[in-house]
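Engineer: I need the structure of the sequence given here:
(chains A and B)
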Number of protein chains: 2
Amino acid sequence: MSQHGFTLWFTGLSGSGKSTLTDMLYAELKERRGLKVERLDGDEVRKNLSKGLGFSKEDRDTNIRRIGYVCHLLTRNDVIAIAAAISPYRAIRDENRGLIGSDQFIEIYVETPLEVLVQRDVKGLYAKALRGEIKEFTGVSDPYEPPLAPEVHIRSDIETPQQSFAKVIGYLEGRNLISRDGATG
Amino acid sequence: MSQHGFTLWFTGLSGSGKSTLTDMLYAELKERRGLKVERLDGDEVRKNLSKGLGFSKEDRDTNIRRIGYVCHLLTRNDVIAIAAAISPYRAIRDENRGLIGSDQFIEIYVETPLEVLVQRDVKGLYAKALRGEIKEFTGVSDPYEPPLAPEVHIRSDIETPQQSFAKVIGYLEGRNLISRDGATG
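Structural biologist: Next up is the predicted model:
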C-alpha cells in the first residue's frame, strides 16, 4: 500500500500541550509505523522561513500562510505534515484548509482554559505577559479564535497526553488515513 | 521500486533558459514517468515564502535559503525538487548543497554569455537595466558567481533546449537517480 499525504494542523494557546502531542505522534507515525512525516513547528519555521517577522496580526498571518504553503507541498506529494503553531486566527487556518484541501486537512484544537495555563505557567511566559513584559501575547493581550468545528478536539487540562494521543490516532484510523499496519489508504 | 528524492538546482542569469528547461523536465519526470516532483521557481517562492524581500544581497540570500530549506524537506521525503532561481551567490548555493546533502544536490549551471542575453533580451529587462531603470540586476549591476564544478553545465546559447534536456536526463540516468522505466534507484 502506498502512503497518502495529509496535514495535522494543531492550534491552541502557548503551553496547551501541542508540542508534547506532536512529539508523540511524530514518533508513532515516523519511527514506529515507518511513514513519511515532516514536522513544522512555529519556532523552526520562524527561523527558516519567517526570520524578521514579528507578532503583529499581519506578520502572524504571513507566518501561518507560509507553514500552510509548505504543508500543502508536502501533502500533495504524499507526505504527512504536522504543523504546531498557535495559529490564532480562524480565517487564516481556513485559508490553509482551502489550499491543502478539506479532505487532507485535519484541524486539531488543543484546548486548556486560560486560567489553568496561567496557573501552570511552566515557562513563566504568562506571568510576564500579564505584567506587560511581553506584548502581543496570545490569550492575554492578543486574540485567539478557537476552531468552530475542529476534526479533533483535545482537552489537555482533563486528558492525559496518552488519551489525547489515542484520540488522534483513533480519528486517523477511523477515517482510514492511516491503517493499523502503518500504510495509508 | 520506490522513489528517492533529490534536488535539481538550476542557476543562471535571467533569460538564460532555466524555465524552459525546468518546464520540460517537470513534464518528463512528473507526467511521463509518474514521479513525485515539485517545482520551486523564483517568482512563485517570492510570492509564497518571501513576500516583502527585495534584491539586496541579504534579501536574495534569505530567499535562496528558503528555497533550499523547502527543497531539503521535499528531498528527504523522497520527492524530486526542481529549483529555478538566479541564485547568484556561490556560498549560499553551497550552503544549500550542505543542507540537502551533496549526493542529493544536482547543480545545473545554465550559461549563456551576457552579450547574447543583452542582444536577445526577450522581456526588455536588460535594456532597462543598462539604462539604470532596474537596480540590482544580476549580470549588469549586481554580481553573478558561476558554479565552479556544477554537476551539469548547460550552454543554452549553443545547445537546443532538447539537447540540454537530454544532458540532464542522461546525467540522472547515468547516476541511477532515475531509471528508464520511471522509478528511481
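Engineer: Every contact and neighbour count from this point should use C-alpha atoms.
Structural biologist: Fine.
Engineer: Just the C-alphas of the helix or strand of chain A with the lowest mean pLDDT, formatted as CSV.
Structural biologist: Scoring the helices and strands of chain A by mean pLDDT, DSSP states H and E places helix A:42-48 at the bottom, with a mean of 85. Written as CSV, here are the backbone C-alpha positions of helix A:42-48 (Å, rounded to 0.1, in the frame of the first residue of the first chain):
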residue,chain,number,x,y,z
GLY,A,42,6.3,27.6,15.0
ASP,A,43,9.9,28.2,16.2
GLU,A,44,11.5,26.1,13.5
VAL,A,45,9.5,27.9,10.8
ARG,A,46,10.2,31.3,12.2
LYS,A,47,13.9,30.5,11.9
ASN,A,48,13.9,29.0,8.4
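Engineer: quick one: it near chain B?
Structural biologist: Yes - shown here: helix A:42-48 in contact with chain B (C-alpha under 8 Å from any C-alpha of the partner chain) through A:Asn48.
Engineer: buried residues in that helix?
Structural biologist: A:Gly42, A:Val45, A:Arg46 (16 or more other C-alpha atoms under 10 Å in any protein chain shown).
Engineer: Is the following helix or strand past that helix in proximity to chain B?
Structural biologist: Sequence-wise, the next helix or strand beyond helix A:42-48 is helix A:57-75, with elements assigned using DSSP states H and E. Yes - counting by C-alpha under 8 Å from any C-alpha, chain B is contacted by helix A:57-75 at A:Arg65, A:Arg66, A:Tyr69, A:Val70, A:Leu73, A:Leu74.
Engineer: After helix A:57-75, which helix or strand is next? Please name it.
Structural biologist: Taking DSSP H and E, what comes next after helix A:57-75 is strand A:80-84.
Engineer: Give the residue spans of chain A that score low on pLDDT.
Structural biologist: Counting by pLDDT under 70, chain A shows low-confidence ranges at A:1, A:181-185.
Engineer: For it, which segments count as helices?
Structural biologist: Secondary structure of chain A (DSSP state H): helices at A:18-26, A:42-48, A:57-75, A:90-100, A:114-120, A:125-130, A:161-174.
Engineer: okay, these, which one's buried deepest?
Structural biologist: Across the helices of chain A, the average number of neighbours (mean count of other C-alpha atoms under 10 Å in any protein chain shown) peaks for helix A:57-75, which reaches a mean of 21.
Engineer: ok, the closest residue to A:Glu136 other than its chain neighbours to A:Ser56 distance?
Structural biologist: The shortest distance from A:Glu136 to any non-neighbouring residue, by C-alpha to C-alpha, 6 or more residues apart in numbering or on different chains, is to A:Asp142 (5.0 Å). Look at A:Asp142 and A:Ser56: by C-alpha to C-alpha, to the nearest Å, they are 9 Å apart.
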